[in-house]
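Trainee: With the sequence up front, the predicted model follows.
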Amino acid sequence: MYAIRLGDDGAELRPLEPWHAEEFLAHLDRGREFINQYVPFGSRATDVTGAREVLQRYADWRAADTASLHGLWLDGKLVGGVLTLNFDAGNGTCEVGCWLEPAATGRGLVTRAMRVLIDWAVEQRGIHRVEWVAAAGNVPSLNTARRLGMTRDGVRREAHLHHGVRHDLEVWSVLAPEWRAHGSHRHSDR
């Protein structure tokens with residue numbers, strides 16, 4: 001299908017599909033505690049069947065043009081991914097998100113992959129507003145939004161209940177003209 005090189009370090013962005021269920025489960029098992037600190041992504045994928053169901057749900061959403069899921073591979077090993085949510089081409093809006101296992105952090109993988117994804121959303125799909133929503137305590141995620149040239153729009157106070165704790169959610173965004181003007185998609189800094 002596609003494999004987009006994200007640099008010279010063996011990082012690639014590829015489709016993440018239902019037939020990757022076993023690899024997806026192994027990846028989640030390596031990073032489950034880290035990944036689920038702030039988001040329950042993949043929490044239902046505790047066996048191959050559950051992993052396949054998560055991936056199939058995203059495949060169905062992709063077919064409906066409401067979301068998409070893309071894996072991050074490093075030296076041939078799935079280590080994380082990026083995604084779109086609430087994708088609404090008619091209104092020109094979407095949300096983007098990410099996750100990584102601990103061994104893959106600090107390499108700029110998400111930033112590089114997200115640049116590809118946002119550039120596609122803006123330039124190919126006509127998205128005008130791309131949002132990033134993260135728990136206020138998720139500093140690495142918020143730092144990625146900053147690196148992408150996003151603006152902090154505000155805080156949804158105690159909007160996210162996770163592990164019995166209410167977290168504030170920060171909302172960040174970048175508009176298509178800002179994305180183009182800053183050339184965010186052309187730079188490869190971490």
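Mentor: In hand now; what should we look at?
Trainee: Do a quick rundown of the strands in the chain.
Mentor: Using DSSP state E, the strands of the chain run over residues 4-5, 11-15, 68-74, 77-88, 93-100, 129-135, 151-162, 165-175.
Trainee: now those in CSV, with mean pLDDT, mean neighbour count and distance to Glu123?
Mentor: All C-beta spots, glycine's among them, are computed from the backbone N, C-alpha and C. Putting the strands of the chain into CSV (pLDDT from 0 to 100; neighbours: other CB atoms under 10 Å; distance: least, CB to CB, whole Å) gives the following:
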stretch, mean pLDDT, mean neighbour count, distance to Glu123
strand 4-5, 92, 12, 14
strand 11-15, 94, 18, 16
strand 68-74, 95, 22, 15
strand 77-88, 96, 20, 14
strand 93-100, 95, 22, 13
strand 129-135, 96, 21, 12
strand 151-162, 92, 12, 20
strand 165-175, 94, 18, 13
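Trainee: what's the spacing between the residue lying closest to Asp153 once chain neighbours are set aside and Glu53?
Mentor: What sits nearest to Asp153 in space, not counting adjacent residues and going by CB to CB, 6 or more residues apart in numbering, is Val171, at 4.6 Å. Using CB to CB, to the nearest Å, Val171 is found at 29 Å from Glu53.
Trainee: With Val116 instead?
Mentor: If you go by CB to CB, the gap between Val116 and Glu53 works out to 27 Å.
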